[in-house]
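no sequence for this one, just the structure:
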């Protein structure tokens, strides 16, 4: 969920309400007509068109592994996009390349584990995570004239903060999935990958706040918000990961975003495909 803190924040979608008066009038006129047979081409008051529900799905080890794989592909695609912007310092690019290679290795290992468990690998980014989190964040950094979003005045810093948030999201997801996965061998694999994501986050924290200041949790004196930290404040916390990016407002603040571990609506169920 994204929490706006300035004028650049995103507005929630407004749902359009259908004209119930016209529908009611049509039903009344049909009932009062000479022909007592009401056409079935139009829905009557109190009735709704039939819909097709989603297939039944259980949250199995395979589904959790497929979802983890989708997050790895989110990271792979995000690092590809970040490197393609051409604004990162040369010293940072090798780190981005290393992290991307790590995520590719994780994705390959997960695909192998999924096949071994009898499932179909999910080798593409999680569309819902991209839509909810990554795309809005990138838009705040690069700007979008059509939507009236100004580009960030600190794009390099914001890209590193976004990467730090995504790595922490991945680490938290694996940590959570360890408690849900039933097979010991699969749990071990998830723990191994999760620790890599936590290490990535630690390296990025040092890049954002160099000189050892990014080791322990601290607060930004200007914004009052928590700074990125290599060592989290509380081990095992699955709270939302928050960070601020985008164009700095006149009040000196940026738009605050939140990342949450995948919910039931974000899982890569076995009926889903790329």
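Structure's in. What do you need? This structure is a prediction, so every number in the text was calculated from the model and none was measured.

which residues in the protein form helices?
Assigned by DSSP state H, the chain shows helices spanning 20-32, 61-84, 93-116, 127-129, 135-142, 155-178, 184-208.

Present those as a markdown table; the columns should include mean neighbour count and mean pLDDT.
Every C-beta, even on glycine, is put in place using the N, C-alpha and C of the backbone. Putting these into a markdown table (neighbours: other C-beta atoms under 10 Å; pLDDT from 0 to 100) gives the following:
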| stretch | mean neighbour count | mean pLDDT |
| --- | --- | --- |
| helix 20-32 | 11 | 40 |
| helix 61-84 | 22 | 95 |
| helix 93-116 | 17 | 95 |
| helix 127-129 | 17 | 94 |
| helix 135-142 | 19 | 94 |
| helix 155-178 | 22 | 94 |
| helix 184-208 | 19 | 90 |
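
Can you lay out those as JSON lines showing distance to residue 237?
Shown next, in JSON lines, are the helices of the chain (distance: least, C-beta to C-beta, whole Å):
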{"stretch": "helix 20-32", "distance to residue 237": "47"}
{"stretch": "helix 61-84", "distance to residue 237": "18"}
{"stretch": "helix 93-116", "distance to residue 237": "22"}
{"stretch": "helix 127-129", "distance to residue 237": "20"}
{"stretch": "helix 135-142", "distance to residue 237": "21"}
{"stretch": "helix 155-178", "distance to residue 237": "8"}
{"stretch": "helix 184-208", "distance to residue 237": "12"}
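
of all these, which lies closest to residue 259?
Within these, the stretch nearest residue 259 is helix 155-178; the backing value is 4.6 Å (C-beta to C-beta).

Centre of the chain to that closest one, how far?
Distance of helix 155-178 from its chain centroid, counting by C-alpha atoms, centre = their mean, to the nearest Å, is 10 Å.

Tell me what angle that helix forms with helix 135-142.
Relative orientation of helix 155-178 versus helix 135-142 (axes from the mean of the first three to the mean of the last three C-alpha atoms, to 10 degrees): 160 degrees.

Would you mind getting the angle between helix 155-178 and helix 93-116?
20 degrees.

What is helix 155-178 packed up against?
helix 61-84, helix 93-116, helix 135-142, helix 184-208, strand 241-245, strand 255-259 (3 or more C-beta pairs under 8 Å, 6 or more residues apart in numbering; DSSP states H and E).

which residues touch residue 141?
151-152, 155, 158-159, 162, 245-246 (C-beta atoms under 8 Å, 6 or more residues apart in numbering).

quick one: it and residue 204, what's the gap?
To residue 204, residue 141 is 15 Å away according to C-beta to C-beta, to the nearest Å.

same deal with residue 194?
Residue 194 is 16 Å from residue 204, by C-beta to C-beta.

Ok, residue 219 next?
The value you get for residue 219 to residue 204, if C-beta to C-beta is used, is 18 Å.

Repeat that for residue 69.
Distance from residue 69 to residue 204, by C-beta to C-beta: 22 Å.

and if you look at residue 259?
Taken as C-beta to C-beta, the span from residue 259 to residue 204 is 14 Å.
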